[in-house]
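**Student:** Predicted model follows, preceded by the sequence.
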Amino acid sequence: MKKSIIAAAIAVAVAAPAANAGVTLYGKVHVSIDDTQHDFNSDYDGIWGVYSRASRIGFKGTEDLGNGLSLIWKAETGYDFSDGGAWDSSGRNAYIGLTGDWGTFLYGRHDGPYKMAWYSTGIDMMGDTIMDANGLASVEENRFSNAIAYVSPNMNGLTFAAAIVPGEGTNNATGLTDGISVGVMYSNNGLKLAAAYEDEGDLGDNADDNDRFMIGAGYTMNAFSIAANYVDDDEDDEKSLNVSGSYSFGNNKLVLAYGHEDNDGGSDDVSWGVGLTHALSKRTTAYAAYASTDEEDTLEMKTEMDATSGFSIGLIHNF
């Protein structure tokens with residue numbers, strides 16, 4: 001009896017990979033230890049915490065349909081590795097689609113082309129850390145549910161992406177193109193260029209001013225990289241500038257980042273950060289970083305609450 005059970009278990013174990021051929025399990029574990037200052041609230045001045053920073057687990061797969069056509073799909077969700085045992089409520093990319101020499105068509109939940117273009121310049125050199133570029137200068141970057149998107153093939157370094165988003169009754173929006181997002185990206189010989197436009201239309205809270213425009217550029221030469229993005233956002237009546245630079249030496253990288261926000265309300269906020277990363281392996285990185293902003297502003301540091309400055313040490317492991 002025991003031999004029969006063991007034999008059956010072995011048979012299942014051998015058959016499982018075949019049944020799941022083309023499916024990949026992947027993810028990222030990113031957890032930091034932070035000391036943050038909250039000068040705008042004396043009750044929270046100087047807080048130590050352990051934070052899971054956009055950690056995630058996902059599954060993705062592909063099936064060859066023949067004639068150069070493949071089906072693709074992805075299901076990804078956040079996971080809180082600091083508290084453990086609880087799925088993060090934030091929805092990440094989850095979609096199905098088709099891909100071939102003509103490009104990729106997909107629908108579901110996906111990063112908007114505007115967001116794709118914003119990141120394509122390499123501006124976020126220490127993404128999801130206390131130095132996250134979107135925390136130093138707040139930028140609207142959307143991951144849309146119900147998106148219907150097309151991404152072109154790489155044409156000598158040039159890529160185009162577009163998405164439409166039906167409102168499905170949000171704010172009484174019932175059309176197929178209640179939201180639109182387009183982006184153009186170029187990358188060749190160390191040079192990166194990007195431009196994008198997005199209009200949330202009736203998807204957002206302010207249907208009259210829900211559009212934004214961005215341009216950006218990045219360049220890498222040997223050990224040096226630099227990137228800059230400019231955003232004009234009508235929704236928040238805000239203009240923002242991000243600049244990042246890095247220098248690599250050995251397994252280390254020194255990163256400097258700057259963010260500036262200016263809006264019609266009269267605020268003129270400046271934020272900055274400095275960080276050092278060390279590659280422990282191809283998949284594991286350790287880092288230390290410090291970020292600060294004007295006292296009247298707050299950094300979106302992906303902590304339990306926003307802060308005006310903070311020091312962070314962390315580990316990132318990709319699998």
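**Tutor:** Arrived safely.
**Student:** For Leu65, give its distance to Leu71.
**Tutor:** 6 Å (Cβ to Cβ, to the nearest Å). Just so you know, the C-beta spots here come from the backbone N, C-alpha and C atoms, and that holds for glycine as well.
**Student:** Kindly apply the preceding question to Ile316 instead.
**Tutor:** Distance from Ile316 to Leu71, counting by Cβ to Cβ: 31 Å.
**Student:** Equivalent analysis for Tyr79, please.
**Tutor:** Tyr79 sits at a distance of 26 Å from Leu71 (criterion: Cβ to Cβ).
**Student:** and what of Gly61?
**Tutor:** Gly61 is 8 Å from Leu71, where distance means Cβ to Cβ.
**Student:** Leu25 now?
**Tutor:** According to Cβ to Cβ, Leu25 stands 18 Å off from Leu71.
**Student:** Those two: which is more packed in?
**Tutor:** Neighbour count, other Cβ atoms under 10 Å: between Leu25 and Leu71, Leu71 has more, with 14 against 10.
**Student:** Mind checking what secondary structure the more buried one has?
**Tutor:** At Leu71, secondary structure determined by DSSP: H, G, I helix; E, B strand; the rest coil is strand.
**Student:** doesn't Lys60 make contact with it?
**Tutor:** No. The criterion here is Cβ atoms under 8 Å, and Leu71 misses it with Lys60 at 11.5 Å.
**Student:** Can you report how many residues lie near Ile33?
**Tutor:** By other Cβ under 10 Å, 14 other residues sit near Ile33.
**Student:** per-residue pLDDT, it?
**Tutor:** Note for Ile33: predicted pLDDT of 97.
**Student:** Isn't it up against Phe311?
**Tutor:** No. Taking contacts as Cβ under 8 Å, Ile33 lies outside contact range of Phe311: 9.2 Å.
**Student:** Now do the SS call for Ala117.
**Tutor:** On the three-state scheme (three-state DSSP), Ala117 is labelled helix.
**Student:** let me fix that: Tyr114
**Tutor:** At Tyr114, secondary structure determined by three-state DSSP is helix.
**Student:** show me where pLDDT drops low in the stretch 51-200 of the chain?
**Tutor:** Within the stretch 51-200 of the chain, the segments meeting pLDDT under 70 span 85-90.
**Student:** quick one, helices of this structure?
**Tutor:** For the chain, the helices defined by DSSP state H occupy 2-19, 113-120, 133-136.
**Student:** Determine how far the last residue of stretch 242-260 lies from the first.
**Tutor:** 7 Å (Cα to Cα, to the nearest Å).
**Student:** Next: stretch 234-254.
**Tutor:** Per Cα to Cα, the first residue of stretch 234-254 is 34 Å away from its last.
**Student:** And that stretch, how far out from the chain middle?
**Tutor:** In this view, stretch 234-254 has its centroid 14 Å away from the chain centroid, taken as Cα atoms, centre = their mean, to the nearest Å.
**Student:** Buried residues, that stretch. List them.
**Tutor:** 235-236, 238, 240, 242-246, 248, 253 (16 or more other Cβ atoms under 10 Å).
**Student:** From those, which shows the smallest pLDDT?
**Tutor:** The lowest pLDDT within the buried residues of stretch 234-254 belongs to Asp236, with 69.
**Student:** Can you work out which residues contact both of Leu65 and Leu71?
**Tutor:** Here Leu65 and Leu71 have Leu98 as joint contacts, going by Cβ atoms under 8 Å, 6 or more residues apart in numbering.
**Student:** What residues of stretch 278-294 count as buried?
**Tutor:** Here stretch 278-294 shows 279, 285, 287-293 as buried, counting by 16+ other Cβ under 10 Å.
**Student:** Tell me which two of the buried residues of stretch 234-254 sit farthest apart.
**Tutor:** Spanning the widest gap among the buried residues of stretch 234-254 are Glu235 and Ser248, at 36.5 Å by Cβ to Cβ.
**Student:** All the strands of the stretch 1-150 of the chain, in order from the start?
**Tutor:** Per DSSP state E, counting those that start in this stretch, the stretch 1-150 of the chain carries strands over the ranges 23-37, 47-52, 56-66, 69-79, 87-100, 103-111, 143-151.
**Student:** Would you give the sheet partners of the longest one, along with the direction of each?
**Tutor:** Strand pairing for strand 23-37, determined by DSSP bridges: strand 47-52 (antiparallel), strand 56-66 (antiparallel), strand 309-318 (antiparallel).
**Student:** How far off centre is the shortest one?
**Tutor:** In other words, strand 47-52. That offset, for strand 47-52, works out to 21 Å (Cα atoms, centre = their mean).
**Student:** Please apply the same query to stretch 144-160.
**Tutor:** A distance of 16 Å separates the C-alpha centroid of stretch 144-160 from that of its chain, computed with Cα atoms, centre = their mean.
**Student:** So which bits of that stretch are buried?
**Tutor:** Going by neighbour count (16+ other Cβ under 10 Å), the buried part of stretch 144-160 is 144, 146-151, 159-160.
**Student:** contacting residues around it?
**Tutor:** 91, 95, 101-113, 161-166, 168, 176, 179, 181-188, 203.
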